[in-house]
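Participant: could you look at this predicted model? Sequence included:
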Amino acid sequence: MENNSNSSLKVMKEKDIRKVASTQKVAKVFGQILVYTFLGIMALIVLFPFYFMIISSLKSLEEYRLAVPTLIPQSWKFQNYTDILIPFEMAEANGWVGTLVSPEAATNDFDLFTLFRNTMFVGIVSTILSLVITVLSAFAFARLNFKGKNALFAALLGTMMIPGELFTITNYATVMTKGGWFPTFFNGLGNMFGLFGPDFRIPFVDSSFAALIVPFLVSVFYIYLLRQNFLQIPNELYLAAKVDGTSDIKYLCKVMIPLALPTIISITILKMMGAWNSYMWPRLVANDDAHRLITNGLRNAFNDVSGNTDYPRQMAAVALVSLPLFLVFIFFRKYIMKGVSRSGIKG
Amino acid sequence: MVDSKHQWKAWLYLFPAIILLLIFTLWPIINTVATAFIYNVEYKPVTIQVEVVENAEEEYLFTYVDPEEGVKYYMSAVVEEDGSVDLEYVSTPDGANGNFKYDNDLTAWTVTVGEKQYFIGATDDSDASLFEINDENVEKLGSSIYPASLFSESANKHATSKLDPNKGYNFGIFKGVSEAVRYVIASSEEGYLNTTDFLNDSAMLWPEKCKVGENNGFKFYYEDEDYNWLYLNTVVNDEGEVSIEYTVDQGVGFYYNSTHKAWICLVNEAEYYLGLDGINRIGVYALADIGAENAPTPAVMYMHRGEASAAVEMTNLSEDDAYRIGAHRAADGTQTYITTGAAVGGGMMLTEDFVNGESFSKFGMNNFIYVLTSRGRDFIVCLKNTLILTIITVPISTILALLIAVGLHSIKPLQKLLQTIFFLPYVTNSIAIGMVFAAMFNIVGINSTQESVGIINNILGVFGVERINWINYGAETWASFTALIVYIVWNALPFKILILLGGLQSINKQYYDAAKIDSTPKWRVLTRITVPLLSPMLTYTVITSFIGGFKEYSSVVGIFGEDKAVAGGANMNTIVGHIQNHLTITRDYGLAGAAALMLFVIIFIVTMINLRISKKSTHY
């Protein structure tokens, strides 16, 4: 076939070649226009919900309900945001009601501050603990030799194939059974097992928060990811450190972790995003005002039953919940995309 | 290079990970699989009637615990040869034996202990206990002492019994025997109706709003889980008969229809019945649909403290079922003592205390059968929903993602910007953006004069499409699914584009150069070079999106809220949501485990099929 085209090329006259080239150029430009149009339309479709969210969040309810919707708010109602951002008691104390905060905010059932605090607590604690466990395990698998290492590693990877629903059920029973070991232990931990009297409570240490954190501390995938990364670091560094009498932990902190930092950052971001986005498990085990996480809180709020949902304010809350994710995305795009393309895990 | 120092150190480092994996991964898998095979025996009501037709000469034993005295009575129901049933008193605390017999003149159950004769009864302030049969007590019988009745939960026949207009009665709306949610509304002495959950005995919604009305009527209204107000009015007429009226449609009365076993009302000459749908919402439904597939089950309104019934009818008891026999304190209905019986071999029954809710378990495959049939509530619907969503969304999103990725790959300017835009939906919260989609599809002020049709309908209106009710009350199934599918595809695109674009960028340029020299047409390049060389990535995205599709859940919650259903429309729940409902609503871990195992098997089979197909067509 190659011979054929070569021979036909030979026969072509220079004029013909120029003609072919120009038609090809036209076709190419036409094709490019087509591609850009397609991508442009798709990009508009992808962006539209965000645009809708932002313009709706700045409209007044009356404007939102116009039969012919406005594409840009007639009057920008930032009150939708301040109603959520400023606690009503604080606004009342400072006399902001009616100006900065609307009187309707009194019935606001979206307690952003508490939800944010809970989510950050769960996210940070589970990220730190999870990183410690992951780094230690990955180190053991990457650097240390011990009997049954390969078999154990294979077994760990095997657990990745089991869908989460299969262990959700028993884990739910474990953390929710009244008087079971889990609630007993973690509620006990919360008051130091009665060491300082029955009324002593360590804030944030109780069974519900533990239920949000503890079952998901170990991620076999992250151990695998970090082990692969550790393996790339030459063993000679470790042996040299051993000769110098450096302890394992010191070596980990001074050499391994800095060298594997990109992976660790990826894990941190995905873990934090996980806490921010998780809905199903928190709804099962921590569906009360004191422990609710942000996504669950968002779905619970603004469920006005009379059909008079204040959509602008709801959209403002949605925008506020989405904002941190966008910020993280802007600053850590590289790590997120790398982590995602390797894991296929959403959040 | 295995040295002993490494040994213990390695295990020390691995210790937290291994312990946590054992507790929260390995053990749960084993336990879940095991519980899937342990099923709870379904309780079936035993109807109480005067005559027994079948099962002559069989004997059923049950116990009745008197909570106040803590005394356990053993009773056995003996079916005589002529088909009548006697309840026998097998033992008393002091070891005496006696027989309970139903006395038709006295309309009460009687027993002889020693020399004396007693009947079972209860007063307003005492528990069910034995009253000596003497003139004084007999005179009080029916006025201040009420004969204890043995009642079954399907005691619809009591509904229009004679009642005292000055007294409060129990009314219940409950879903049926195997369901966990029951609402019982009971009157108290202050003239208020208290609402209690029949099973959990916990206070229910809005007790302060339930007031016993004047004119001998008991009016209550209650808010169901979907925040719909339900106004009911019970009227006791001069004859002491009770009817239940639906006061929201003024003057419409509900009457009990024994053919349909449902409460029926007439509105504008059309017949409706009171029913509960798959997620326990009460409502009025067209009578024509009763009994049809997916039709709401008739809500039963029952009352007890009717006449003390006579004997027990127990027909066709099977060893695989459990039966419930109740002994009930008749006074104010606040306490109910019910013994449950499970049939075991030879017609004997095991007895359990109903109030404490101990269940009776067996080993076998029944959970799987239950999930696939009635007791699985809506598993089949959820499975169907999940299949529809997966089969439609996976091809659409894969093809779209492929086209976008190829397009992105072929351009130079703006590539980075567009790539970022297409990745944007990935870093969103699926619940939050689901709410945005819900707002976009939502019609505000539907059916009112000032209606805003929602942005999607506005856009479609530009192209001349009529207003479509996507997700609002009474939306059609296809419309709700379309809204959901649009969202799922939107949500699924970024991950696929990322993977496919990565794959495209790793394809050797030489192939394209060769194609260019041959002046191969663009589409041919796509189908003959790009797709085959991309096939490992395509396989990966298809497999992961099939798995993701079968686990679809949060997008449904995002759009349709925690009911996972359209009010007056389709049930949009998926398998994962179904499993979750078993954890939180039915609280039957066995059913949840069975459903999860079935999900696992489905995913496994589909993945195997995918791998099989892709093995043939994948080029490495």
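Facilitator: Received it, and whenever you're ready, just let me know what you need.

Participant: count the neighbours of A:Met90 for me.
Facilitator: The number of residues packed around A:Met90, counting by other C-beta atoms under 10 Å in any protein chain shown, is 11. C-beta here means a position set from N, CA and C on the backbone, and glycine is covered the same way.

Participant: got the phi and psi for the closest residue in space to it that isn't next to it in sequence?
Facilitator: Taking C-beta to C-beta, 6 or more residues apart in numbering or on different chains as the measure, A:Met90 lies nearest to A:Trp96, with 7.9 Å between them; neighbours along the chain are not counted. Backbone dihedrals for A:Trp96, given as degrees, to the nearest 10, come out at phi -90, psi -10.

Participant: A:Trp96 and chain B, how far apart?
Facilitator: Distance check for A:Trp96 against chain B: by C-beta to the nearest C-beta, to the nearest Å, it reads 27 Å.

Participant: these two touch, right, that residue and A:Ile86?
Facilitator: Yes: with the criterion set as C-beta atoms under 8 Å, A:Trp96 and A:Ile86 qualify as a contacting pair; they are 6.8 Å apart.

Participant: the two - which one has more neighbours?
Facilitator: Neighbour tally, A:Trp96 and A:Ile86, criterion other C-beta under 10 Å: the higher count belongs to A:Ile86, 20 against 16.

Participant: separation between the more buried one and B:Leu402?
Facilitator: According to C-beta to C-beta, to the nearest Å, A:Ile86 and B:Leu402 sit 47 Å apart.

Participant: so after the longest helix anywhere in chain B, what's the next helix or strand?
Facilitator: The helix of greatest length in chain B, counted in residues with DSSP state H as the criterion, is given as helix B:379-409. Past helix B:379-409, heading to the C-terminal end, the next element that is a helix or strand (DSSP states H and E) is helix B:415-423.

Participant: is that following helix in proximity to chain A?
Facilitator: Yes: residues of helix B:415-423 are located near chain A by C-beta under 8 Å from any C-beta of the partner chain, namely B:Leu418, B:Thr420, B:Ile421, B:Phe422, B:Phe423.

Participant: state the mean pLDDT of that helix.
Facilitator: Averaging pLDDT along helix B:415-423 yields 90.

Participant: who are the packing partners of it?
Facilitator: helix A:14-57, helix A:311-343, helix B:379-409, helix B:477-505 (3 or more C-beta pairs under 8 Å, 6 or more residues apart in numbering or on different chains; DSSP states H and E).

Participant: rank those by pLDDT, which is bottom?
Facilitator: Note on those: lowest mean pLDDT is at helix A:311-343, with a mean of 84.

Participant: quick one: distance of that one to the chain centre.
Facilitator: Taking C-alpha atoms, centre = their mean, to the nearest Å, one finds helix A:311-343 lying 7 Å from the centre of the chain it belongs to.

Participant: buried ones in that helix?
Facilitator: Taking 16 or more other C-beta atoms under 10 Å in any protein chain shown as the basis for neighbour counts, the residues of helix A:311-343 that come out buried are A:311-322, A:324-325, A:328-329, A:332, A:335-337, A:339-340, A:343.

Participant: care to break chain B down by domain?
Facilitator: Chain B breaks down into these structural domains: B:4-36, B:41-155+B:304-364, B:156-303, B:374-617 (assignment by automatic domain parsing).

Participant: can you redo the helices and strands packed on helix B:415-423 as JSON lines with distance to B:Phe24?
Facilitator: As requested, the helices and strands packed on helix B:415-423 are arranged in JSON lines below (distance: least, C-beta to C-beta, whole Å):
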{"stretch": "helix A:14-57", "distance to B:Phe24": "36"}
{"stretch": "helix A:311-343", "distance to B:Phe24": "20"}
{"stretch": "helix B:379-409", "distance to B:Phe24": "26"}
{"stretch": "helix B:477-505", "distance to B:Phe24": "26"}
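
Participant: any idea which helix or strand carries A:Pro258?
Facilitator: Following DSSP H and E, the helix or strand that holds A:Pro258 is helix A:257-259.
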